[in-house]
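Undergrad: Structure for the following, please:
(chains A and B)
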Amino acid sequence: DVKVTQSSRYLVKRTGEKVFLECVQDMDHENMFWYRQDPGLGLRLIYFSYDVKMKEKGDIPEGYSVSREKKERFSLILESASTNQTSMYLCASRRTVSEQFFGPGTRLTVL
Amino acid sequence: GNSVTQMEGPVTLSEEAFLTINCTYTATGYPSLFWYVQYPGEGLQLLLKATKADDKGSNKGFEATYRKETTSFHLEKGSVQVSDSAVYFCALRNNNDMRFGAGTRLTVKP
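TA: Just a heads-up that it's a prediction; the model follows:
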């Protein structure tokens, strides 16, 4: 079974802190994605990556950056966390022509 | 471009009722279509999929048929259970572009 794991299920940070969200997949997928999910807004794509060291902006990249140094790992970075970044963050991965597999999500609260 | 529109929720049903959640899509070519389910506090899980016209995806009593003529992929279940309470997302993948609907929250009451 494909497994996508995220480093934390729940995270509480303070405004201005630098926050790292880690995602690891174990099926050698080329593509990895970060979404945020907010009530009434569905899934919104933040960043994605088609290969190691490659990254592309999604629909809402402002305030975020990403890193993909190894194929299996895709990190989301909040350079200076703000309260409007309080959200559920979902990582996903897939091959180019397959369905997408999601991690369990990280619920981030920024105080 | 590619897009997915699904019926707005929330949807509230009694146990054993019939469920339909409508989903329509816009895409060029021949996308693959998916339904995902998200239980409270969890990530999305693939529920079923269909990769070509007239295919029927099915799983756990849920079904959806890929209708190219109406660009639809409606989710149905004949008799829902309390444990089906979740958020359901319709999605399409067209080449390497994947799009999700806004999600429909289903609550099933005993």
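Undergrad: Which pLDDT value goes with the residue nearest to A:Pro104 when sequence neighbours are not counted?
TA: Once flanking residues are discounted, A:Pro104 sits nearest to B:Gly43: 4.7 Å by CB to CB, 6 or more residues apart in numbering or on different chains. Where you see a C-beta, it was placed from the backbone N, CA and C, and this is true even at glycine. At B:Gly43 the predicted local confidence, pLDDT, stands at 91.
Undergrad: residues contacting residue 71?
TA: Reading this off chain A. Residues in contact with A:Lys71 (CB atoms under 8 Å, 6 or more residues apart in numbering or on different chains) are A:Asp28, A:His29, A:Glu30, A:Asp51, A:Val52.
Undergrad: should've been chain B
TA: Counted by CB under 8 Å, 6+ apart, B:Thr71 has contacts B:Thr24, B:Tyr25, B:Thr26, B:Ala27.
Undergrad: ok, back up a step: what is the burial count for the residue nearest to A:Pro104?
TA: Counted with other CB atoms under 10 Å in any protein chain shown, the neighbours of B:Gly43 add up to 21.
Undergrad: of the contacts of A:Lys71, closest to chain B?
TA: Nearest to chain B among these is A:Glu30, at 9.2 Å by CB to the nearest CB.
Undergrad: State whether that closest one and A:Tyr50 are indeed in contact, as I suppose.
TA: Yes. With contact defined as CB atoms under 8 Å, A:Glu30 counts as touching A:Tyr50 (6.1 Å).
Undergrad: secondary structure element for the residue nearest to B:Asn59 when sequence neighbours are not counted?
TA: Closest residue in space to B:Asn59, ignoring its immediate chain neighbours: B:Leu48 at 4.5 Å, by CB to CB, 6+ apart. According to DSSP states H and E, B:Leu48 maps onto strand B:44-50.
Undergrad: Just the pLDDT for A:Asp1.
TA: For A:Asp1, pLDDT reads 68.
Undergrad: Show me which residues of chain A are close to chain B?
TA: Contact residues (CB under 8 Å from any CB of the partner chain) of chain A with chain B: A:4, A:31, A:40-43, A:50, A:90, A:92, A:94, A:96-97, A:99-105, A:107.
Undergrad: If we use 10 Å, what do you get?
TA: Neighbours of chain B within chain A, by CB under 10 Å from any CB of the partner chain: A:2, A:4, A:6, A:9-10, A:30-31, A:33, A:35, A:37, A:39-45, A:48, A:50, A:88, A:90-92, A:94-107.
Undergrad: That'll do, ta.
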